[in-house]
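Q: Here is my input; please provide its structure:
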Amino acid sequence: LIDLEQNDNERYKAQNNYLTYKYETLLAAPASEKEHLREDILDIVDGLILIKCPSEFAWNLYFDWLDPSSLSDLELEKLATYIKLFDKSKGYGLVFYNFLI
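A: Below you'll find the predicted structure:
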């Protein structure tokens, strides 16, 4: 369905729903399956970040799983894209916006 959808907004919704489903599956999966599911989710997230999908869940997962030691370890382009896509007055948007200023 994701590959066949022509409307970008509908495709983004479908991708976000699929990502949410995979993440919830990861949370409930047995320990032996978690690493494989995590790799699948990371692949999906990387793709969504690459195309600058407006899925806040995907972007938050991306930054959560990077686990940088400081904000300066993050790519400035990705921080700027996050601020453009999402609200800069709360959550990661607030932190990133203040860091860049």
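Q: neighbours around Phe63, how many?
A: As a burial measure, Phe63 scores 19 neighbours (other Cβ atoms under 10 Å). From N, CA and C alone the C-beta is placed, and that goes for glycine too.
Q: what sits against it?
A: Shown in contact with Phe63 (Cβ atoms under 8 Å, 6 or more residues apart in numbering): Leu74, Tyr82, Tyr92.
Q: any low-confidence regions in this structure?
A: 1-6 (pLDDT under 70).
Q: Against Leu26, how distant is the nearest residue to Lys52 once chain neighbours are set aside?
A: Residue nearest to Lys52 in three dimensions, not counting chain neighbours: Thr81, with 5.7 Å by Cβ to Cβ, 6 or more residues apart in numbering. Using Cβ to Cβ, to the nearest Å, Thr81 is found at 25 Å from Leu26.
Q: and the residue nearest the centre of the chain, what does it touch?
A: For the chain, Ala58 is the residue whose C-alpha lies nearest the centre (Cα atoms, centre = their mean; 1.9 Å). Shown in contact with Ala58 (Cβ under 8 Å, 6+ apart): Gln15, Asn16, Leu19, Ile44, Val45, Leu48, Ile49.
Q: ok, for the last one, nearest residue in space, not its chain neighbours?
A: To tie it back to what came earlier, the one meant is Ile49. Nearest one to Ile49, counting by Cβ to Cβ, 6+ apart, is Tyr62 at 5.2 Å.
Q: Which helix or strand contains that neighbour?
A: Using DSSP states H and E, Tyr62 sits in helix 56-66.
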